[in-house]
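Enquirer: Just the structure for this:
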Amino acid sequence: METIYIKSSIDKSKFTEMEACVLALGFFDGVHIGHQRILETAKQIAMQKQCAFGVMTFYPHPKDILFPHMEPMTYLTPLPLKEDRFEKLGVEKLFVVEFSPEFARLSPNDFVEQYIIGLRCIHVVAGFDYHYGYKGLGNMKTLSEYNPGGLEVTTVPKIQHDDEKISSTAIRKLLDEGHVQKIPMYLGNFYEINGEVNQSSLFYKKHQFLKLIVKKRYRMPKPGIYHIQVEIDGNNYDGTCHQISSNEQHTSLLIQLKDCSVYPYKKRIKVKWLDYKYGKQNESYGMNEYMKKDELVI
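Expert: Below you'll find the model as predicted:
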């Protein structure tokens, strides 16, 4: 997959030699089931037209630019993880457009001319609620009515679960409420995050406590005790997240693993959130007493 970062208006002359493409448009946070439908539709059209399968996404989230006084946005899929998901789904060209105040002021027609036609896009695929241009005045109807250049447009209809639209907003709400077990119905899999182990301790029949450092921009479930699955070096281990805490630099997780004798210190690991256990019996093997001994390997 080729990734092209765009920080200012597009100079068409730089892309005249680029092959024609089909573009899927969206922010795609989470790359959930609805996003996957858009991406698969664009991929099939690209195959039919024998041209490149492309995606245009944006960074940072428009909310951070349009409402700078609000709390900074947290992401289901920070940009590096989102790029990895796109590549696994077969995307050939990824355009990452910097969402800046100048970009936000583009008229709908200027956006189409510069960022769609300018990239030699011949067919656009997006969700029914996609908006673009100044104040979101452009939508799928205005895009389909755009005549210059013979641009073709495919609108992907709403996808629902339990009469609710599958969306990044719905998934964030489930995380905020601790309903991680419901997320696969929206995401297609359990919610996961990546982080680096900066403390670890092995004790009592291959049980471990880990302290995991996670980048601040990850969206986290509400504080509580969770049943989790942890992937280390390609192997999965059953575990419990006992604590979620944050400071200005990062978020840290206190994790207990069962039947894990590997040494994970300084390794990057993956955590899948399976179920919310707050209020259930906590088999922590004297976690609080053990941690007071300050015997974690650093």
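
Enquirer: ok, H35 to K182 distance?
Expert: To K182, H35 is 18 Å away according to CB to CB, to the nearest Å. Heads up, the C-betas are built off the backbone N, CA and C, glycines and all.

Enquirer: And those two? Which one has more around it.
Expert: Counted by other CB atoms under 10 Å, H35 and K182 do not tie: H35 has more neighbours, with 29 against 16.

Enquirer: Quick check: S168 touching D29?
Expert: Yes: with contact defined as CB atoms under 8 Å, S168 and D29 form a contacting pair (4.4 Å).

Enquirer: List the residues that are in contact with both of these two.
Expert: Residues within reach of S168 and of D29 at once, by CB atoms under 8 Å, 6 or more residues apart in numbering, are L76.

Enquirer: Tell me which residues are up against the longest helix along the chain.
Expert: The longest helix of the chain (DSSP state H) is helix 33-49. With CB under 8 Å, 6+ apart as the test, helix 33-49 has contacts from 20-24, 26, 28, 31, 52-55, 86, 89-92, 122-123, 125-127, 154, 156, 158-159, 165-167, 186-188.

Enquirer: Buried by neighbour count, from these: which ones?
Expert: Buried members of the contacts of helix 33-49, counted by 16 or more other CB atoms under 10 Å: 21-24, 26, 28, 31, 52-55, 86, 89, 91-92, 122-123, 125-127, 154, 156, 159, 166-167, 186-187.

Enquirer: Give me the residue ranges of the stretch 1-150 of the chain where confidence is low.
Expert: Scanning the stretch 1-150 of the chain for pLDDT under 70 picks out 11-16, 147-149.

Enquirer: now with 50?
Expert: By pLDDT under 50, the stretch 1-150 of the chain contains no weakly predicted segment.

Enquirer: Who are the contact partners of D64?
Expert: Counting by CB under 8 Å, 6+ apart, D64 makes contact with P72, M73, F99.

Enquirer: Roughly how far does the first one sit from R219?
Expert: Looking back up the chat, that one is P72. Between P72 and R219 the distance, using CB to CB, works out to 11 Å.

Enquirer: So for these two, which residue has more residues nearby?
Expert: Under the criterion of other CB under 10 Å, the comparison of P72 against R219 puts R219 first, with 20 against 11.

Enquirer: Run through the helices of the protein in chain order.
Expert: With DSSP H, the ranges of helices along the chain come out as 33-49, 62-66, 79-88, 101-104, 108-111, 140-144, 168-177, 184-187, 287-292.

Enquirer: what's the closest of those helices to K277?
Expert: K277 lies closest to helix 287-292 among the helices of the chain, at 13.7 Å (CB to CB).

Enquirer: Could you tell me which residues within stretch 211-218 count as buried?
Expert: Result for stretch 211-218 [16+ other CB under 10 Å]: buried residues K211, L212, V214, K215, Y218.

Enquirer: oh, I was asking about stretch 161-173
Expert: Judged by neighbour count (16+ other CB under 10 Å), stretch 161-173 contains these buried residues: I166, S167, S168, A170, I171, R172.

Enquirer: Show me how far it is from its chain's centre.
Expert: Mean C-alpha position of stretch 161-173 versus that of the full chain (CA atoms, centre = their mean, to the nearest Å) differs by 15 Å.

Enquirer: neighbouring contacts of that stretch?
Expert: If you take CB under 8 Å, 6+ apart as the criterion, stretch 161-173 is touched by 27, 29-30, 32-34, 76, 158-160, 183, 185-187, 191, 219.

Enquirer: now with 6 Å?
Expert: Outside stretch 161-173, the residues within contact range by CB atoms under 6 Å, 6 or more residues apart in numbering are D29, G30, H32, I33, G34, K158, I159, I183, M185, Y186, R219.

Enquirer: Could you work out the most separated pair of the residues you listed?
Expert: Within the contacts of stretch 161-173, two members stand farthest from each other by CB to CB: K158 and R219, at 22.7 Å.

Enquirer: about what we covered before: let me have the helices of the chain in a markdown table, adding distance to M1 as columns.
Expert: Converted to a markdown table, those look like this (distance: least, CB to CB, whole Å):
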| stretch | distance to M1 |
| --- | --- |
| helix 33-49 | 12 |
| helix 62-66 | 24 |
| helix 79-88 | 4 |
| helix 101-104 | 23 |
| helix 108-111 | 24 |
| helix 140-144 | 25 |
| helix 168-177 | 22 |
| helix 184-187 | 21 |
| helix 287-292 | 42 |
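
Enquirer: Which residue ranges of the stretch 151-298 of the chain form strands?
Expert: 152-156, 160-161, 164-165, 192-203, 207-215, 226-232, 235-246, 250-257, 268-276 (DSSP state E, counting those that start in this stretch).
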